[in-house]
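Novice: This is a predicted model, with the sequence first.
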Amino acid sequence: MFSTKFIEKLKHAQKVAVLTGAGISAESGVPTFRGEDGLWNKFRPEELANFNAFQKNPKLVWEWYNYRRKLIHEVKPNPGHFALAEMEQMFPVFTLITQNVDNLHRVAGSQIIIELHGNIMRNRCVDCNKIYREIDIEFESSVPVCRCGGLMRPDVVWFGEMLPEDAILCAFQAAQECEVFLSVGTSALVQPAASLPIEAHASGAFVVEINVERTAISRYIDESIIGKSGEILPLLINKIKEK
Ligand code: OAD
């Protein structure tokens with residue numbers, strides 16, 4: 001399953017970077033966006049995940065995020081998340097970059113996480129940008145309002161919005177500097193995240209993806225390992241621990 005070259009590279013690597021997508025949380029029961037059971041087959045992103053939609057119908061957008069928050073409250077990290085938290089301790093420099101907003105990497109114990117698309121557990125005032133972390137969103141029937149009077153929105157990146165500048169800069173830097181880059185559970189279709197493995201490869205890193213199927217980037221990288229990340233990542237850790 002793992003090539004000798006990959007394991008040797010990983011065993012000797014000083015700098016490792018990992019990009020995760022919705023697939024890493026699939027085994028926890030969080031639906032992915034694309035594919036047969038993907039969220040975007042059942043819901044329309046243009047009605048739910050952009051600022052115009054929020055302005056037009058904030059209650060609908062708020063309900064959609066409450067539905068997803070509730071779901072996320074009910075799930076737990078899986079062995080894939082735990083394996084990445086363990087990997088953070090195994091390399092001198094380890095950068096975990098995620099497109100997920102589900103907070104499960106943090107719950108699993110990862111300490112430094114670049115969240116490219118924000119975090120669903122955090123909210124932000126659309127007027128004054130004040131961040132709210134602890135409000136009891138689950139039981140809100142209407143859209144919460146900030147002390148300044150502005151509406152509160154989830155602190156996530158919607159279609160048409162810029163990614164947090166610091167996050168994307170750090171992510172590209174990690175991709176350019178790492179020796180091994182893993183792309184885990186992402187369809188690699190959404191930019192700019194999808195460029196990270198390609199950038200890493202162009203900068204000389206050994207790039208491997210772990211996914212249940214081949215993706216848009218498979219042919220541009222070094223290896224594709226087909227399987228569930230919750231099964232493959234723990235095996236990978238055992239392999240690199242072997243003498
Ligand atoms: P997608 O739904 O596009 O892709 C999920 C990927 O996970 C697919 O390639 C699946 O084959 C793979 N997968 C499913 N189960 C898996 C498992 N158990 N182990 C490994 N891989 C598995 O999700 P993302 O690539 O994360 O953006 O989507 C990127 C962005 O598109 C999201 O962050 C979101 C969405 O629109 C925003 O909301 C801004």
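Specialist: Yep, it's here.
Novice: Can you name the residues of the protein that neighbour the ligand?
Specialist: For the chain, the contact set with the ligand under C-beta under 6 Å from any ligand atom comprises 21-23, 26-27, 32-35, 38, 49, 99, 117, 157, 185-187, 189-190, 210-213, 215, 228-230. Heads up, the C-betas are built off the backbone N, CA and C, glycines and all.
Novice: surely residue 183 meets residue 209?
Specialist: Yes. Using C-beta atoms under 8 Å, residue 183 is in contact with residue 209, at 4.2 Å.
Novice: Who has more neighbours out of the two?
Specialist: residue 183 (28 against 23; other C-beta atoms under 10 Å).
Novice: For the more buried one, give me its contacts.
Specialist: 18, 19, 196, 197, 207, 208, 209, 210, 211, 215, 217, 221 (C-beta atoms under 8 Å, 6 or more residues apart in numbering).
Novice: mind putting these in JSON lines, pLDDT included?
Specialist: Converted to JSON lines, the contacts of residue 183 look like this (pLDDT from 0 to 100):
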{"residue": "18", "pLDDT": "98"}
{"residue": "19", "pLDDT": "98"}
{"residue": "196", "pLDDT": "98"}
{"residue": "197", "pLDDT": "98"}
{"residue": "207", "pLDDT": "98"}
{"residue": "208", "pLDDT": "98"}
{"residue": "209", "pLDDT": "98"}
{"residue": "210", "pLDDT": "98"}
{"residue": "211", "pLDDT": "98"}
{"residue": "215", "pLDDT": "98"}
{"residue": "217", "pLDDT": "97"}
{"residue": "221", "pLDDT": "98"}
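Novice: from those, which single one is nearest the ligand?
Specialist: Each of the contacts of residue 183 was checked against the ligand using C-beta to the nearest ligand atom; the closest is residue 211, at 4.4 Å.
Novice: about what we covered before: can you flag the buried ones in the residues of the chain next to the ligand?
Specialist: For the residues of the chain next to the ligand, a burial check counting by 16 or more other C-beta atoms under 10 Å picks out 21-23, 26-27, 32-35, 49, 99, 117, 157, 185-187, 190, 210-211, 215, 228-230.
Novice: now for the helix or strand hosting residue 61, which elements pack on it?
Specialist: Applying DSSP states H and E as the criterion places residue 61 in helix 58-73. Here helix 58-73 touches helix 45-48, helix 51-56, strand 118-125, strand 152-156, going by 3 or more C-beta pairs under 8 Å, 6 or more residues apart in numbering; DSSP states H and E.
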